[in-house]
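Novice: Sequence and predicted structure are below.
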Amino acid sequence: MALANIVGALGLAGAAGLNAYIPLLIVALLARANAIRLSEPFDVLASIPAILAIVVLGVIEFIADKLPGVDHINDAVQTLIRPAAGAILFAANTGVITEINPTLALICGLVLALSVHAAKAAARPVVNATTMGVGAPVVSLLEDGASAALSLASVVAWPLASALLVVLILLGMRQIRQLRARKA
């Protein structure tokens, strides 16, 4: 069970790097339905005010990320939010394991979400430039779908989450190599 919690936490933190609000909402709704247990103080995510705030912020982010140009501003703002969400999700999931220091859990989630976010934010200007902005909504929807799939898999089927996380990391590394090749 400890391995499942750690892999699930890694998957949720990675998903938060793509979209902070999708994994937060999935975890909040599952916790509200008593399908999962969140450690304190993160169990506040299952409260109605927290869920409503996540939904409102998620809708704003969903729309902003689909608009070329606005998506860059959104990514700048999300540079603080996505890593924080990743830290919260990682710590909330691993908090049931007493051997993991909470500070270490927060740092792991933060670093993973920030890494995924950085790859996403670096790739988006290239997508916008090469497609004259037409690719922004398509890529954003794919990112949202990947965030949702990884979040659900992280909570429901941790082996699948492991595979999805590896694919996500490999795709991010590929994007970074392509960006470096274009700059050279």
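Specialist: Good, I have the coordinates. Numbering: from 1, shown residues only.
Novice: Relative to the whole chain's centre, how far out is the biggest helix by length in the chain?
Specialist: Counting residues, the longest helix found in the chain (DSSP state H) is helix 102-131. Mean-position distance between helix 102-131 and its chain equals 9 Å (Cα atoms, centre = their mean, to the nearest Å).
Novice: try stretch 143-162
Specialist: With Cα atoms, centre = their mean as the basis, stretch 143-162 stands 10 Å off its chain's centre.
Novice: Ok, stretch 30-40 next?
Specialist: For stretch 30-40, the distance to the chain centre is 18 Å (Cα atoms, centre = their mean).
Novice: end-to-end on that stretch?
Specialist: Terminal residues of stretch 30-40 are spaced 16 Å apart (Cα to Cα, to the nearest Å).
Novice: what helices or strands is the longest helix of the chain leaning on?
Specialist: Helices and strands touching helix 102-131, by 3 or more Cβ pairs under 8 Å, 6 or more residues apart in numbering; DSSP states H and E, are helix 2-18, helix 70-94, helix 135-156, helix 158-183. For the C-beta atoms, the positions are set from N, CA and C on the backbone; glycine is no exception.
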